[in-house]
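Colleague: with the sequence up front, the predicted model follows.
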Amino acid sequence: MTSLAPLSLPSLSAEDTSRAVSLLKRIHDPRNAGAPGKPYIPRTMAASDVDWLRTVGLDPSAVITLSHDAVVKAVLSSGRGWSVEAGSQAFVSSLGGEEAPHGCFLEAVLLAHAMPPHALDAPDPKSPTAWCRVCGLSPEETFEPSRFFLDWHRNGSGVPGTMDWMLVALAQRAEWGARTPTPRARALLARTLAVLDGLPPEASPSAAFEAVRGLGFSQGAARSLVETLAFVGVLEAPPHVGMATRFVSFAEREQRPTVRVEVDAPLGFWRGRHGVQWKNAEVLFGLRKDTPPPPLEPAKPAKKVARKKAEPVATQKGRARTLPRRPPVAGDVWALRVREDAWVLVYAWSIQQTPRGPYALCEFVGEPSVECPTQVPAGLKTRPRYDGRWQHWTSALEKTTGSALIAEKVAAPLTHDPLPDRVSFGSGKDLAWLSCHCFASLE
């Protein structure tokens, strides 16, 4: 059996957890994306902070690679050693505290008890995009423990039924297996089911999220809770059912009523008229429709955690010397933060008025810098893409987080390349994502 020890998340004090989450948010920020399986550590992060993460078992560079067969064997072996009751208690106990709902505990146990042993079932197993129709795994999976720790404490248990989260949940068995749900946690679950069972007939999953959010959950926690209840079979839309009714393959869960629906089956097909599947609710949680929800105890005040002051980020120097923010005009040079430790320059060639508002014809120029530039370097040159010169009609550049106007009425940058054949339209946020195509150092 594949050992789950590497996927066991470290148990830290509240202060250390807060510090770890703060640091990992910077490392795993989407803007700082590195190569696949290789997180990018900003140069602005203190080496002592990175060393501390490694010391507490959260090495940002640690990567675990497992085959499809190894993951399936680990989930089946470990999950079947944990009773459905224990998985249910661990899930419910996560509702009454400060953590996000961890539905992955119950999801993992039900999946392990119901899923058959199987080899990779994919039309083309050798394809780089192959996925198993039974469980959804690729032929080979890469796991980043530090990213799981961050998501665990920020968002709960991720998309229901994903096998990586099943492994992470099962690895926490020693810590969570003996937890007993508090009266508040049980009351929250009972009230959640009562609210969901009383929604209007045409209420959609989005309405269910909002209704549960009204009980005091955050937006993300409410969605996670509703999605878990659907996955386990408490919210069903026959013939689309959950895992407590029968095993539902990944391919079946991927079905959608229309391409615009984002949530998995059965929730994607569920409406208020389907209500709660009380038979499964009683089996899993001991809750019945005719039993009034117990009184809800007030939440305990959140404990204030003394946070270690973060070292100042070098890129904040000089921001006070940039020009006042305003909509771009021709001849502007803007700085755009594309990573914590990388700023690029954008030149505005012209402005076009459209029914959707003004767009600036933008092009990357100059060289990246660690700090926000405060002046334009001499001999400004355009930055072509791999296939030639590249420009972008950009809206709301002045409203884009991390943008700063640094110069006005700047002479046109030098270039010997012909104009691009086509120019795309987008927003200022797109420029940050597209910059790596013009600056090799950002790849």
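Modeller: That came through, no problem.
Colleague: could you verify my assumption that residue 351 touches residue 358?
Modeller: Yes - counting by Cβ atoms under 8 Å, residue 351 does reach residue 358; the two are 5.5 Å apart. C-beta: built from backbone N, CA, C; applies to glycine.
Colleague: overlap of the contact sets of the two?
Modeller: By Cβ atoms under 8 Å, 6 or more residues apart in numbering, residue 351 and residue 358 have no common neighbours.
Colleague: quick one, strands of the chain?
Modeller: Using DSSP state E, the strands assigned to the chain run over residues 64-67, 140-143, 333-339, 342-354, 357-369, 392-395, 403-407, 424-427.
Colleague: quick one: contacts for residue 235?
Modeller: Per Cβ under 8 Å, 6+ apart, neighbours of residue 235: 196, 208, 226, 229, 242, 266, 267, 270, 274, 276, 277.
Colleague: got a pLDDT number for it?
Modeller: Note on residue 235: pLDDT of 97.
Colleague: relative to residue 226, how far out is it?
Modeller: Distance of residue 235 to residue 226, given as Cβ to Cβ, to the nearest Å: 7 Å.
Colleague: now list whatever residues contact both of those two.
Modeller: What both residue 235 and residue 226 touch, as defined by Cβ under 8 Å, 6+ apart, is the set 196, 208, 267.
Colleague: among those, which one sits closest to residue 434?
Modeller: residue 267 (34.3 Å; Cβ to Cβ).
Colleague: leaving out sequence neighbours, find the closest residue to the closest one.
Modeller: Take residue 267 and drop its neighbours on the chain: the residue closest to it by Cβ to Cβ, 6 or more residues apart in numbering is residue 230, 3.6 Å away.
Colleague: also residue 87?
Modeller: residue 109 (3.2 Å).
Colleague: the one you found and residue 83 touch, don't they?
Modeller: Yes - between residue 109 and residue 83 a contact is recorded at 7.3 Å, counting by Cβ under 8 Å.
Colleague: so between those two, which is more surrounded?
Modeller: Higher neighbour count among residue 109 and residue 83: residue 109, with 30 against 12, using other Cβ atoms under 10 Å.
Colleague: what residue ranges in the stretch 151-300 of the chain score low on pLDDT?
Modeller: Within the stretch 151-300 of the chain, the ranges that satisfy pLDDT under 70 run 177, 298-300.
Colleague: picking that back up, quickly compare the strands of the chain and say which is most buried.
Modeller: Greatest average neighbour count among the strands of the chain goes to strand 333-339 (a mean of 23), per mean count of other Cβ atoms under 10 Å.
Colleague: parallel or antiparallel, which strands does that strand pair with?
Modeller: In the sheet containing strand 333-339, its partner strands are strand 342-354 (antiparallel), strand 403-407 (antiparallel), by DSSP bridges.
Colleague: just give the closest residue to the residue nearest to the spatial centre of the chain, not the sequence neighbours.
Modeller: Centroid-nearest residue in the chain: residue 151, 7.0 Å away (criterion: Cα atoms, centre = their mean). Of all residues not flanking residue 151 in the chain, residue 158 sits nearest, at 6.2 Å (Cβ to Cβ, 6+ apart).
Colleague: my guess is the one you found contacts residue 165. True?
Modeller: Yes - counting by Cβ under 8 Å, residue 165 is a contact partner of residue 158 at 4.7 Å.
Colleague: one step back: which ones among the contacts of residue 235 map onto helices?
Modeller: 196, 208, 226, 229 (DSSP state H).
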